[in-house]
Structure formats: structure tokens, C-alpha cells
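Colleague: Got a predicted structure plus its sequence, pasted below:
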2 protein chains.
Amino acid sequence: MITETPHPPYYAVIFTSLLSDDTAGYAEMAEHMVELASQQSGFLGMESAREGVGITVSYWASLEAIRAWKAQLDHRQAQRLGREQWYASYRTRIARVEREYGP
Amino acid sequence: MITETPHPPYYAVIFTSLLSDDTAGYAEMAEHMVELASQQSGFLGMESAREGVGITVSYWASLEAIRAWKAQLDHRQAQRLGREQWYASYRTRIARVEREYGP
């Protein structure tokens, strides 16, 4: 549920989105993308919640791992459908995690 | 809903949590914290969703602004109650946003 990440530094992709009215196929694709991402080299984990706004944070060992995931063919197809159909709005932020703490 | 942030770099605090069974007072405090954070110097915006896991990402102009917010008195009280009562588990990650893109 809450990802066990290694000691920083590592990278986070913060993806926030608002869905459009046309979400046909979205849930299946989202599930497929989680499965696919978790098989990518350098994938460290993912946290996701939607409540009005959707927030998905995925964690990666390097910028190169993020680039490879962005370029992955099925993921490119999902990105295109997202832009054209599913998302009313979205934002992707690439960030370097510098500190982490918890209980 | 989706924060309009300036050109990177800026900073993100990624706070993920699982609630305990004792959430008395939590909703009111969460609302108060959003209000309070948005009055802090260097605050750029906040996105939040809970669906099982809760994810709150707040955006800040600098690490100093994040430090000041962490040390703010009412916020320290909220953090203490979070640790002792509301959260079954949580993680705070401080990250430097290096790239951002959207439609």
C-alpha cells in the first residue's frame, strides 16, 4: 500500500489527472499499466488514489528507467488514449526524492 | 484541482498515509491544515486524494519554505496527532521537481 522505497536519492513521477466523461476502457488499461510498469527495470513501486483528482506516484531508480518506461510501446498507446479520450486535464512531474521519513 | 505550478525547479512534499480506526477530529484538522499551508510563504499548491491510501502532494518554492511549514506550531500539533492517533502508517518524501509537462 505504502511503497517501501530505498534510501534516497531515487526518482518519483507524480501524475495528476482529471477524467473526462469518456472513460471507456480506462480501468482495464490502468490495471494493465500497473502490471507493465512493475515489470520495468528500475521500478521501485507505485501509490495511487482517485478522489475527484487522480494522483499516481511511481518511484524509479533513475531518470533512465523513467525514460524507458515513457517510451515503452503499450505505455505510449495508453498515453495517446489518455490525451485523446480519458483525461480532461493532466500533469506529469518528474522529481528527485532527496529525503524520506516515516514511523 | 490540478495545481498550476511555475517552471521547475521547485519542490514537492509527497505525503502518503493509511488511516487508523480512530479518525476522530481528522477531517477538521485536515481542512485546517490545507487552509494554513496555503497561507505559508513559498506555498505553490496542493493536490490530495484518498482511496484506501491517501496521497497529498504539496508544492513549494524552496526547501526553506518546507522547513518553515514543518516547524509551524499548529502543523506540529497535527503531525503529533497523526503519529499518535490517525495514521496506521505514513511516509513523507521531499523531492525536487525537475521537469513538468501536460497538455
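Modeller: Yes, it's here. Numbers count the residues shown, from 1 in each chain, chains lettered A, B, ... in the order given.
Colleague: any idea which helix or strand comes after the biggest helix by length in chain A?
Modeller: Longest helix of chain A, by residue count under DSSP state H: helix A:26-37. Helices and strands here follow DSSP states H and E; after helix A:26-37, the next one along the chain is strand A:43-51.
Colleague: What's the mean pLDDT across the longest strand seen in chain A?
Modeller: Longest strand in chain A, counting residues (DSSP state E): strand A:87-101. Strand A:87-101 shows an average pLDDT of 97 in the prediction.
Colleague: Same check on stretch A:56-71?
Modeller: If you average the pLDDT values across stretch A:56-71, you get 97.
Colleague: got the end-to-end distance for that stretch?
Modeller: This stretch, stretch A:56-71, spans 18 Å end to end (Cα to Cα, to the nearest Å).
Colleague: Figure out how far it is from the centre of its chain.
Modeller: The chain centre lies 8 Å from the centre of stretch A:56-71; the measure is Cα atoms, centre = their mean, to the nearest Å.
Colleague: Then stretch A:68-82?
Modeller: 11 Å.
Colleague: Residues in contact with that stretch: which ones?
Modeller: Contact partners of stretch A:68-82, identified using Cβ atoms under 8 Å, 6 or more residues apart in numbering or on different chains, comprise A:17, A:25, A:29, A:32-33, A:36-37, A:40-43, A:58, A:60, A:90. Every C-beta, even on glycine, is put in place using the N, C-alpha and C of the backbone.
Colleague: Could I have the buried ones of those residues as PyMOL selection syntax?
Modeller: Command for PyMOL that selects the buried part of the contacts of stretch A:68-82, burial taken from 16 or more other Cβ atoms under 10 Å in any protein chain shown:
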select buried, chain A and resi 17+29+33+36+37+42+43+58+60+90
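Colleague: Put together CSV for the contacts of stretch A:68-82, with distance to chain B on each row.
Modeller: Formatted as CSV, those follow (distance: Cβ to the nearest Cβ, whole Å):
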residue, distance to chain B
A:Ser17, 8
A:Gly25, 19
A:Met29, 18
A:His32, 19
A:Met33, 17
A:Leu36, 20
A:Ala37, 16
A:Gln40, 19
A:Ser41, 20
A:Gly42, 16
A:Phe43, 16
A:Ser58, 11
A:Trp60, 12
A:Tyr90, 6
